[in-house]
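Chemist: Model the following, please.
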Amino acid sequence: SRQNIFALSTPFSNQYFLMFRSLSVGERHTVSTSGSLKNSVPFFISKNSRAAGLNILMSMFLGLMIGEVIIKNIVGRTRPSELLSQDELIIRSPRHSSFPSGHTIASFEAATVLLIHSKKAGIPAMVLACLIAFSRLYLYVHYPTDVITSIILGIGIGILGNWLVQKGFSLYENRRQKAA
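Modeler: Numbering: from 1, shown residues only. The predicted model follows:
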């Protein structure tokens with residue numbers, strides 16, 4: 001409830017959860033595509049992690065289309081922050097509708113892909129994704145059902161994006177071998 005979240009509010013915790021907000025996709029969901037590129041670029045530097053980078057990029061694209069373009073426009077849910085005065089808010093209320101949480105979807109997509117490719121990288125990424133998801137509740141920009149559903153969507157889309165890229169690589173290799 002609102003009182004429970006506000007009970008956690010201190011200047012330190014406010015700055016702490018604002019940090020997790022900035023670690024995820026971007027300030028506005030219109031930046032999601034560039035955020036996806038920015039977050040996956042480090043994986044393209046090392047040859048060993050390029051597959052993970054491509055999988056993250058595919059997952060982020062799918063999440064953007066499914067979550068932001070399709071579901072958000074169909075559901076159009078009002079944000080909990082719109083029920084409060086601006087004085088009570090830690091951040092400005094985002095303009096887009098509440099359901100689903102794009103930050104949570106993107107965080108869990110990337111964490112899922114990393115977990116598939118490397119437990120060493122995936123486990124800390126999952127912890128970070130959980131903190132980002134909680135920050136969406138703490139900042140009062142999403143309802144718990146937005147975040148829970150977005151976690152499920154993010155994991156599912158991460159698995160789907162990984163599968164699509166692997167399937168694409170398999171098809172490419174099969175065609176290349178047939179041509180040779």
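
Chemist: Isn't Ala52 up against Ala111?
Modeler: No - Ala52 is beyond contact range of Ala111, at 11.3 Å (criterion: CB atoms under 8 Å). Using the backbone N, CA and C atoms, a C-beta is placed for each residue, glycine as well.

Chemist: So for the two, which sits in the more crowded spot?
Modeler: Ala111 (26 against 23; other CB atoms under 10 Å).

Chemist: Need the pLDDT of the residue lying closest to His142 once chain neighbours are set aside.
Modeler: Using CB to CB, 6 or more residues apart in numbering and skipping the chain neighbours, the partner closest in space to His142 is Arg136 (4.3 Å). Looking at Arg136, its pLDDT reads 84.

Chemist: Can you tell me how far Arg136 is from Ile157?
Modeler: Arg136 sits 17 Å away from Ile157, going by CB to CB, to the nearest Å.

Chemist: buried sites along the biggest helix by length in the chain?
Modeler: Longest helix of the chain, by residue count under DSSP state H: helix 144-179. Neighbour counts over helix 144-179 (16 or more other CB atoms under 10 Å) mark 146-147, 149-151, 153-162, 165 as buried.

Chemist: In this protein, what residue spans correspond to helices?
Modeler: Applying DSSP H to the chain gives helices spanning 2-7, 11-23, 32-45, 50-63, 72-75, 102-117, 119-138, 144-179.

Chemist: Identify whichever of those lies nearest to His96.
Modeler: Distance to His96, taken as CB to CB, is lowest for helix 72-75 among those, at 6.2 Å.

Chemist: same question for the closest one, mean pLDDT?
Modeler: For helix 72-75, the mean pLDDT works out to 88.

Chemist: Give the buried residues for that helix.
Modeler: For helix 72-75, the neighbour count (16+ other CB under 10 Å) marks Lys72 as buried.

Chemist: do the same with stretch 120-127
Modeler: Across stretch 120-127, burial judged by 16+ other CB under 10 Å covers Ala121, Gly122, Ala125, Met126.

Chemist: what sits up against that stretch?
Modeler: Outside stretch 120-127, the residues within contact range by CB atoms under 8 Å, 6 or more residues apart in numbering are Ala52, Phe108, Ala110, Ala111, Thr112, Leu114, Leu115, Ile116.

Chemist: In contact with the residue nearest to the last one when sequence neighbours are not counted, which residues?
Modeler: By the measure of CB to CB, 6+ apart, the closest residue to Ile116 outside its immediate chain neighbours is Asn162, 5.3 Å from it. Contact criterion CB under 8 Å, 6+ apart gives Asn55, Met58, Ser59, Thr112, Val113, Ile116 as the residues in contact with Asn162.
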